[in-house]
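**Student:** sequence and predicted model, in that order:
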Amino acid sequence: MNRILLLGGSGILGSEVLKQLQERNIDYTAPLSSDLDVRSRENLESHISEFKPNWIVNCSAWTNVDGAEDCFEAALELNAVAVKNIGDLAKEFGCRVVHISTDYVFDGESSQPYGEDAPVNPVNRYGQSKLQGEGVLLEILPEGAYVIRTSWLYGASGKNFVKTMTKKALHNETATVVDDQEGSPTSARDLATGIIDLLQNHPKPGIYHYSNTGSCTWFELAQSIYKKVGADSKLVSPISSSTLDLKAKRPRFSLLSKEKWKSAGLLEIPSWESSLETLLHEIIIEIQELEKL
């Protein structure tokens, strides 16, 4: 019987994992960040020794890409040092770990989807911090760690691009969006379902890629949102990323190959278009509820 310690259960992905644990009546604990600071080895050890999980699902992370350029040490604390603590304690207590990583470990110079064994070369400090976390976990726990790299994550909760564009579309506002970065939008609900499937089937440990199938640019994604909401997609204008004053460089291409996931016999991954359609109604309701406050 799985006993799950969920870290980062209030975030975009963690909240979806939490819902599925509850719906499936899986034994879990999901302490709030105010009760468990994942950067504190002692705090983490206390929770693990008390609950005795056989799985730790780590959805906690520093996700401010531009902020990591100025606050690299703080990003490392969450994305690498905390992950080392999780790995060390998982080894000590006999737990397996699912850890979420990112397409930003790649430089974006490929023209083919990145496989799990493709050379890594992050172009920003956020990607560097996440890559360090991956490496330290797999080194400590080679037979018990699952690193899932994902991309362009969105959901009904938390701040994300899809929610921002949906709100603009609902109000018929204009938007300028970069059209020179290509990747795969990923529904947090789909990824959460995939994580639960991995927990139940536990394939060979290692790195796996999970993002919705198909690809688009951020501009194309924004246009799709406007159309689905019923707004005029011409309100969305393309812009080059070079014209934006962003501290962190982004990879221009971050499409992830999902062949390893498929060959492991895990759940089929939906297309980004169908998943957007599925979740958009809930996102609209969430926005409308927040606007009533």
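**Tutor:** Perfect, I can see it now. It should be emphasised that the depicted structure is a prediction, and the values quoted were computed from it without experimental measurement.

**Student:** low-confidence regions, this structure specifically.
**Tutor:** 1, 293 (pLDDT under 70).

**Student:** show me where it has its helices.
**Tutor:** Taking DSSP state H as the test, the helices found in the chain are 12-23, 41-51, 67-70, 72-76, 82-93, 125-140, 161-170, 188-201, 218-229, 259-263, 272-292.

**Student:** neighbours of residue 277, how many?
**Tutor:** By other CB atoms under 10 Å, 13 other residues sit near residue 277. Any C-beta I mention is one placed from the backbone N, CA and C, and that applies to glycine too.

**Student:** likewise for residue 226?
**Tutor:** For residue 226, using other CB under 10 Å, the count is 23.

**Student:** which residues does it contact?
**Tutor:** Contacts for residue 226 (CB atoms under 8 Å, 6 or more residues apart in numbering) come out as 165, 169, 175, 232, 233, 235, 236.

**Student:** ok, which pair from those is furthest apart?
**Tutor:** 165 and 232 (13.4 Å; CB to CB).

**Student:** the more surrounded of the two?
**Tutor:** Between residue 165 and residue 232, counting by other CB under 10 Å, residue 165 is the more crowded of the two (25 against 11).

**Student:** residues contacting the more buried one?
**Tutor:** 175, 177, 221, 222, 225, 226, 236.

**Student:** residue 8: which of the residues you listed is nearest?
**Tutor:** residue 221 (24.5 Å).

**Student:** ok, how many other residues are close to the nearest residue to the closest one once chain neighbours are set aside?
**Tutor:** In space, and not counting its chain neighbours, residue 221 is closest to residue 185: 5.6 Å by CB to CB, 6 or more residues apart in numbering. With neighbours defined by other CB under 10 Å, the count for residue 185 comes to 26.

**Student:** pretty sure residue 185 contacts residue 276?
**Tutor:** Yes. Between residue 185 and residue 276 there is a contact at 6.6 Å, judged by CB atoms under 8 Å.

**Student:** so the spatially closest residue to residue 127 that is not a sequence neighbour versus residue 68, what's the distance?
**Tutor:** Closest residue in space to residue 127, ignoring its immediate chain neighbours: residue 104 at 3.7 Å, by CB to CB, 6+ apart. Per CB to CB, to the nearest Å, residue 104 is found 10 Å from residue 68.
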